[in-house]
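Peer 1: sequence first, then the predicted structure:
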Amino acid sequence: MSKFLWKGLLVSPAVLAATLVVSATALAAEQPVEIAATGQAHQLQLPAAATEAAKSETAAVTAEPAPLASNLTVETIDEKETANLYEGLANEPIPPVAEQAKAPENAVAADLSETKPAVAPANLSAQQPVPEQIPAVAPANLSETQPAVAPANLNAEKPIAQPEQISQSTDPSAQPQAQSNLLEQINQYSAEDSSSEDPAGQVTSVSQLSDVRPTDWAFQALQSLVERYGCIAGYPDGTFRGNRAMTRYEFAAGLNACLDKVSELIQGGSRNLATREDLASVQRLQEEFAAELATLRGRVDVLEARASELEANQFSTTTKLNGEVIFALTGIAGGEDAEGREADKTTAFGSRVRLNFDTSFSGEDLLRTRLQVLNLGSFSTNNTKTAEGELRFNAGPFGEASNTVGLDALLYQFPLGKSTTVILEANAGAADDFTNTVNPYFDGDGGSGALSNFGTRNPIYYLTGGSGIALRHQFGEKLELSLGYLAGNAANPTRGNGLFNGSYGGLAQLTFKPNDNMALGLTYVNSYNFVTGTGSNASNFPVRLGSFGLDSDSNLPVSSNSYGAQASWRLNRRFAIGGWAGYTNQRILSNLATPTGSVQRGDQKIWNWAVTLAFPDLLKEGNVAGILVGMEPRVTSSTNRTLPEDKDTSLHVEGFYQFKLSDNISVTPGVIWLTAPDHNKDNSDLVIGVIRTTFTF
């Protein structure tokens, strides 16, 4: 038996049907050749190596095949005679495997050789094309000299036990990543085996193969192989899959495992040895599939070499770098601001850059460190004078942009048992770090999906943020509970700040997913000194006193209780509908007197809603079109005359089309149309245009 066969293969022998068929009768009927055990094991040497097989592939076959079912009586021989026997078998002219198929069940073996090459390739290099994929199935018995498996953590599609990615930061599932040809080859090679959490072990009984029944023609043949040689293994799901077509490479893998098992028996001096016909059949199969076996060896060698190169040149053994860069061209096409003056129509060009360093120490945890730079000013500060229509990827409502690099997000996520995940937020935490906002295709946190703050998610999610702790618990596959507490000034030890004495937001949500196409979320948020940063100035009254002529630099202390319901339903692969409704009871906790007026304690009732339509894969796979119609937060009533109300209703209409240029670049033109800006019909409609280009890496 060729040594390089045992050293060069690393694939599973899950499908050994052809071997069964060729030698089924012989395995059940033949007398074993007994070989005396010795104190020192000798490796089985069959002269028919792959190179010999390549040369003899075209030689004329002159000898008649020995019947597989013949009853051959063989006397007991010693080691020397065994070696002579093997040598004689190797030198004996042997016909192709297909000619041995006498019984009807052996027709499978004949079919397997139809695609064999006429001559084994002289140069089996790594670049030799391999037309068929080899499913990686649990090996029956691999020898110690086989090459090591390519590391599983190089699987580009599925990192080692990668924890669920938080959605506030750049979500790898939301932004396609380009894969190298090398990683694709490694993934293709190990796809089936790596996807199984419980690979099938060595089969010790035919009954372990769930799809093989006593009435099947192959039952006795399988039973014989298992009981005598133990060289049969099923697929990872415990099946044999005898009713499907197999590739020559699958057969070669199974053959290699059986060769290893026979060799192991002989080396160990076992008396339960193969018959002469068994050895002859195995040798013929070895010669028949020499080219496939050699090709597999070359593929594995190349993958191992490239995997080693990746390991030697990787960025870090524990940390992955991924980034997102947004270039945005924005401007106001027309309309009036919240104060009734014509809005400035200046066109602006800016960017947002995020670099995420994702570190895992156990393969199941995640330490995320994010650096961010913003240099696109907000419309609410400079143009519209209202938080309505504010973009998600700029400096934020009433914020100022700069090119300063800052630590934007810092969190650590780890599992607590099988169903619970704990998230520790050290800086700039957000609700979508630990809960499902139930707004697919729109919530891309500015990098993809909706263009505006309001279009990204239900505004009540913005009533919490900062530093704190959160957890997610799964009640089976359909129900999830999310809990979180985040403080706005947790790092400030002064009075009225800190983890518990300053602004905070506590969120609880039940998310129900009856299937992969539907989701429903019920949310409650209790907050102190937080506003949504969306909607009218009246809904953000505690921080917008100046817009109502109240001359004060102080913010009013405010608490709120908010309730939200979100739903999403994908009707088919190209259309999804969703939306939400939110209600907030905002309470002003103290009186405030200013030189220009006063504010009394009281309550405000604030409502918002939206309906979303998404069209995934529109015109091209990977593209997304979205339409949103809704009402940004509006104060519908207040308990006293010193608290402002919104008398009119403004509609937020947003449309975008995200065009995927490549796996790493997308361009999204879009428009935002605000009727009666700031919920005031005296103001003419505002139209905001945006062209966003997003780069991911």
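Peer 2: That came through, no problem.

Peer 1: check which helix or strand residue 520 maps to.
Peer 2: Following DSSP states H and E, one finds residue 520 within strand 518-528.

Peer 1: quick one: list the elements packing against that strand.
Peer 2: Here strand 518-528 touches strand 504-515, strand 558-572, going by 3 or more C-beta pairs under 8 Å, 6 or more residues apart in numbering; DSSP states H and E. In short, each C-beta sits where N, CA and C put it, glycine included.

Peer 1: okay, those in TSV with mean neighbour count, distance to residue 415 and mean pLDDT next?
Peer 2: Output for the helices and strands packed on strand 518-528, formatted as TSV (neighbours: other C-beta atoms under 10 Å; distance: least, C-beta to C-beta, whole Å; pLDDT from 0 to 100):
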stretch	mean neighbour count	distance to residue 415	mean pLDDT
strand 504-515	19	18	96
strand 558-572	18	26	96
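
Peer 1: residues touching the strand holding residue 520, excluding its own?
Peer 2: The set of residues external to strand 518-528 that reach it, using C-beta atoms under 8 Å, 6 or more residues apart in numbering, is 435-438, 440, 458, 460-461, 463-464, 503-513, 557-570.

Peer 1: 7 Å instead?
Peer 2: Applying C-beta atoms under 7 Å, 6 or more residues apart in numbering, the contact partners of strand 518-528 are 436, 438, 460, 463-464, 503-513, 559-569.

Peer 1: thinking again about what came up before, can the helices and strands packed on strand 518-528 go into a markdown table with extra columns for distance to residue 391?
Peer 2: A markdown table is the format used below for the helices and strands packed on strand 518-528 (distance: least, C-beta to C-beta, whole Å):
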| stretch | distance to residue 391 |
| --- | --- |
| strand 504-515 | 23 |
| strand 558-572 | 22 |
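
Peer 1: of all these, which lies closest to residue 491?
Peer 2: Among the helices and strands packed on strand 518-528, strand 504-515 comes nearest to residue 491, with 13.3 Å by C-beta to C-beta.

Peer 1: toward the C-terminus from the one helix or strand residue 586 maps to, list the very next helix or strand.
Peer 2: Assigned by DSSP H and E, residue 586 falls within strand 575-588. Moving toward the C-terminus from strand 575-588, the next helix or strand (DSSP H and E) is strand 592-594.

Peer 1: given that following strand, what are its sheet partners and their directions?
Peer 2: In the sheet, strand 592-594 lines up against strand 597-599 (antiparallel) (DSSP bridges).

Peer 1: count the residues that sit near residue 672.
Peer 2: 27 (other C-beta atoms under 10 Å).

Peer 1: what's the answer for residue 443, then?
Peer 2: Residues near residue 443, counting by other C-beta under 10 Å, number 24.

Peer 1: isn't it up against residue 452?
Peer 2: No - judged on C-beta atoms under 7 Å, residue 443 makes no contact with residue 452 at a distance of 11.6 Å.

Peer 1: quickly find the element holding the nearest residue to residue 680 once chain neighbours are set aside.
Peer 2: Spatially, and ignoring its direct neighbours in sequence, residue 680 is nearest to residue 648 (5.7 Å; C-beta to C-beta, 6 or more residues apart in numbering). Following DSSP H and E, there is no helix or strand that holds residue 648.

Peer 1: residue 648 touches residue 678, doesn't it?
Peer 2: No - checked against C-beta under 7 Å, the pair residue 648 and residue 678 is beyond contact range at 9.0 Å.

Peer 1: and these two? Which one has more around it.
Peer 2: residue 678 (29 against 14).

Peer 1: quick one: which helix or strand includes the residue lying closest to residue 581 once chain neighbours are set aside?
Peer 2: Spatial nearest neighbour of residue 581, excluding adjacent residues (C-beta to C-beta, 6+ apart): residue 609 at 4.5 Å. Per DSSP H and E, residue 609 falls inside strand 602-616.

Peer 1: neighbouring strands - and their directions - for that strand?
Peer 2: According to DSSP bridges, strand 602-616 has these partners: strand 575-588 (antiparallel), strand 624-638 (antiparallel).

Peer 1: show me the one of the ones you listed that comes nearest residue 298.
Peer 2: Proximity to residue 298, assessed across those by C-beta to C-beta, is greatest for strand 624-638 (42.3 Å).

Peer 1: what's next to the helix or strand just after the closest one, contact-wise?
Peer 2: The element immediately downstream of strand 624-638 (helix or strand, assigned by DSSP H and E) is strand 652-660. Strand 652-660 is contacted from outside by 388-389, 448, 450-452, 454-455, 620, 622-632, 666-674, using C-beta under 7 Å, 6+ apart.

Peer 1: which of these are buried?
Peer 2: Buried members of those, scored by 16 or more other C-beta atoms under 10 Å, are 388-389, 448, 450-452, 454-455, 623-626, 628-632, 666, 668-670, 672-674.

Peer 1: and stretch 488-496, which residues are buried?
Peer 2: So for stretch 488-496, counting by 16+ other C-beta under 10 Å, buried means 488, 489, 490.

Peer 1: how far does that stretch stretch from start to finish?
Peer 2: Start and end residues of stretch 488-496 are separated by 11 Å (C-alpha to C-alpha, to the nearest Å).

Peer 1: quick check: mean pLDDT across that stretch?
Peer 2: For stretch 488-496, the mean per-residue pLDDT is 90.
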